[in-house]
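Visitor: build me a model:
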Amino acid sequence: MHVVSASGCHSEPPRAGLRDREPPTVMDRVVSSYPTIIRALHHARRHLTSAPTVSRSLIVAMPTTPGVHGRLDHVSEEAALLCGLLPEPTLLMEPDAEAEDGMTVPGPETRPTKARVLKALSDCGIVHFACHGAHDPDDPSQSLLLLHDHERDPLTVASLAEMRMDSAQLAYLSACRTAFMESVELIDEAIRLTSAFQLAGFPHVIGTLWEISDEVASHMAADFHAELGGDTDQHGGLDTGAAARALHHTVRKVRDRYPKSPYLWAAHMHAGI
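Guide: As a prediction, this is how the structure comes out:
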């Protein structure tokens, strides 16, 4: 369980002595990764050799969401940062009337609809979603990422599970509860958004277990992609094979800043190989 990797006395300083120099926490001793189901891992592993480089990426940003009260104040900033970190980025972004001065506001033709996202996904190695997510406890296959047209044509687990993407390498789901399972009857089943992206062919998926802070999530996303190598790696700018370790270092940075607030950093998890 992911909660195990976040366990320990995070506010306690390292002990003296050769055998106890590391803090008494799990995450200071191991890098955690969580498999979903064998089928998903087998399918995703094939993409490690069939698509070793990343030439294109997709950023899906929803600072506001039709039918949803409130806005994600830091998503526009997150999208702007990622456009400078990811290789050949395509940005699909909901128009935001409150975008910062100087930022280009996307038009209706780049709104993140389900059809546009699925079309762009077909040849992208990296996809990053910065949006709301919703879990359906009665039918987990209907859990979804909330895009522009989520009310009439939702991007659900079921709609992703049948996709096959030959270029897929890394999916980062900067949304709430994308790796969450609420139903007790289905607690051992891998019916969630993270596993759906793996079944679609992504060897590495970053998801979350509960609601996350918009501001913290924005900085964590930028730090994570920077940890992968920025534009210096020979494989399309980012070493996606280091995703688990990159998330590990990113989470530890936030933990070191907020050691007594695990709700801010312990939700993020890596699923994959």
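Visitor: ok, now which ones touch the residue lying closest to Leu91 once chain neighbours are set aside?
Guide: Excluding its sequence neighbours, the residue lying closest to Leu91 (Cβ to Cβ, 6 or more residues apart in numbering) is Ile59, at 4.9 Å. For every residue, glycine as well, the C-beta is placed using N, CA and C. Applying Cβ atoms under 8 Å, 6 or more residues apart in numbering to Ile59 gives the contacts Ala79, Leu82, Cys83, Leu86, Pro89, Thr90, Leu91, Leu92, Met93, Val127, His128, Ala130.
Visitor: and what about Ile59, helix, strand or coil?
Guide: When classified by DSSP: H, G, I helix; E, B strand; the rest coil, Ile59 comes out as strand.
Visitor: Arg56: neighbour count?
Guide: For Arg56, the count of nearby residues is 17 (other Cβ atoms under 10 Å).
Visitor: for it, give me phi and psi.
Guide: Main-chain torsions, Arg56, degrees, to the nearest 10: phi -140, psi 150.
Visitor: can you pick the most crowded of the contacts of Ile59?
Guide: Leu86 leads the contacts of Ile59 on contacts (other Cβ under 10 Å) with 29 neighbours.
Visitor: correct me if wrong: it contacts Val60.
Guide: No. Using Cβ atoms under 8 Å, Leu86 is not in contact with Val60; the gap is 12.0 Å.
Visitor: ok, back up a step: so which of the contacts of Ile59 comes closest to Val68?
Guide: Taking Cβ to Cβ as the measure, Val68 lies nearest Ala130 of the contacts of Ile59, at 14.1 Å.
Visitor: pairing partners for the closest one in the sheet, please.
Guide: Ala61, Ser174 (DSSP bridges).
Visitor: my read: it touches Ser174, true?
Guide: Yes. Ala130 sits in contact with Ser174 when judged by Cβ under 8 Å, with a separation of 4.6 Å.
Visitor: what touches both of these two?
Guide: Common neighbours of Ala130 and Ser174, using Cβ under 8 Å, 6+ apart, are Glu78, Ala217, Ser218, Ala221.
Visitor: what's the angle from the helix or strand harbouring the first one to strand 57-61?
Guide: By that I understand Glu78. Per DSSP states H and E: Glu78 is located in helix 75-83. Counting by axes from the mean of the first three to the mean of the last three Cα atoms, to 10 degrees, helix 75-83 lies at 170 degrees to strand 57-61.
Visitor: after helix 75-83, which helix or strand is next?
Guide: strand 89-93.
Visitor: what lines up beside that next one in the sheet?
Guide: When DSSP bridges is applied, strand 89-93 pairs with strand 57-61 (parallel).
Visitor: list the buried residues of the partner strand.
Guide: By 16 or more other Cβ atoms under 10 Å, the buried positions in strand 57-61 come out as Ser57, Leu58, Ile59, Val60, Ala61.
Visitor: what is the nearest of those residues to Ala115?
Guide: Ala115 has its nearest neighbour among the buried residues of strand 57-61 in Val60, at 12.7 Å by Cβ to Cβ.
Visitor: contacts only, for that closest one.
Guide: Shown in contact with Val60 (Cβ under 8 Å, 6+ apart): Leu92, Met93, Pro112, Val117, Val127, His128, Phe129, Ala130, Cys131, Leu145, Leu147.
Visitor: with respect to Ala161, which of those residues is nearest?
Guide: For those, the nearest to Ala161 is Leu145 (13.6 Å; Cβ to Cβ).
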